[in-house]
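[1] sharing a model prediction with you, sequence too.
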Amino acid sequence: MTRPTSDKVKGSIFNIIASIVFDSDVLDLFAGTGNLGIEALSRGARSAVFVDKNRECSQIINENLTHTKLAHKAEVLVMDVCNALSKLSQKGNQFDIVFLDPPYAKGLVDDTLACIASVDVIKPDTLIVAEHDAEDVVSEYIGTFKNFRQQKYGDTIISFYRQEV
């Protein structure tokens, strides 16, 4: 089941990252409805790639992109996140912001960060924004990524990661 990011949480995320959204390349993993990536595009992001293995979700993302007239700045991949990361790396795609909103309570934040760390899709200053349940345990370090900030909103936590050099 798709659980869209609440408007309160989305607003808070974009208040925090406002200064880096314009002209950025965005990757929206476990995209669901495309809520976060579309918000970034509407705030001036240069491009967005949406990844969700659910065909129904990809149709909703495409409909939302058409409705918002942002489809020309977007690509939607219907596949597993780790496979998509590998494909994007092979194509030379690199991103400034990565949104990560996996299903809750499945340990997917750490697993996905490990997949990101294993391919070449990030820039030295890429920001990774991971949304997860307060019950989900996420690591402070995954590979070269460090969790440097967390914000709690009810049962939801937003964890911010950057690469440590």
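    In hand now; what should we look at? Being a predicted model, the structure only gives us computed values, none of them experimental. Numbers count the residues shown, from 1 in each chain.

[2] quickly note the distance from the residue nearest the centre of the chain to Ser19.
    The structure's the chain has its C-alpha centroid closest to Phe99; by C-alpha atoms, centre = their mean the separation is 1.5 Å. Computed as C-beta to C-beta, to the nearest Å, the Phe99 to Ser19 distance reads 17 Å. Every C-beta, even on glycine, is put in place using the N, C-alpha and C of the backbone.

[3] which stretches of the chain have low pLDDT?
    Within the chain, the segments meeting pLDDT under 70 span 1-4.

[4] buried residues of the lengthiest strand in it, list them for me.
    For the chain, the strand with the greatest residue count under DSSP state E is strand 122-133. Within strand 122-133, the residues that count as buried by 16 or more other C-beta atoms under 10 Å are 122, 126-133.

[5] which parts of the protein are helices?
    Secondary structure of the chain (DSSP state H): helices at 7-21, 35-42, 55-67, 81-90, 108-117.

[6] what residues sit buried inside the shortest one?
    Within helix 35-42, the residues that qualify as buried by neighbour count (16+ other C-beta under 10 Å) are 35-41.

[7] same question, the third one
    Under the neighbour-count criterion of 16+ other C-beta under 10 Å, helix 55-67 has 57-58, 60-62, 64-65 buried.

[8] quick check: the spatially closest residue to Lys10 that is not a sequence neighbour vs Lys123, distance?
    Once flanking residues are discounted, Lys10 sits nearest to Glu39: 6.1 Å by C-beta to C-beta, 6 or more residues apart in numbering. As judged by C-beta to C-beta, Glu39 and Lys123 stand 21 Å apart.

[9] how about Gln151?
    Distance, Gln151 to Lys123, using C-beta to C-beta: 23 Å.

[10] likewise for Gly107?
    When Gly107 is compared with Lys123 (using C-beta to C-beta), they lie 27 Å apart.

[11] and stretch 86-97, how far from the chain's centre?
    Centroid separation between stretch 86-97 and its chain, computed with C-alpha atoms, centre = their mean, to the nearest Å, is 13 Å.

[12] for that stretch, which outside residues touch it?
    With C-beta atoms under 8 Å, 6 or more residues apart in numbering as the contact definition, stretch 86-97 has outside contacts at 17, 20-21, 24-27, 40, 45, 49, 77, 79, 119-123, 125-129.

[13] report the beta-bridge partner residues of the closest residue to Leu127 other than its chain neighbours.
    Spatial nearest neighbour of Leu127, chain neighbours left out: Ile97 (5.3 Å); criterion: C-beta to C-beta, 6+ apart. For Ile97, the residues forming beta bridges with it (DSSP bridges) are Val26, Leu127.
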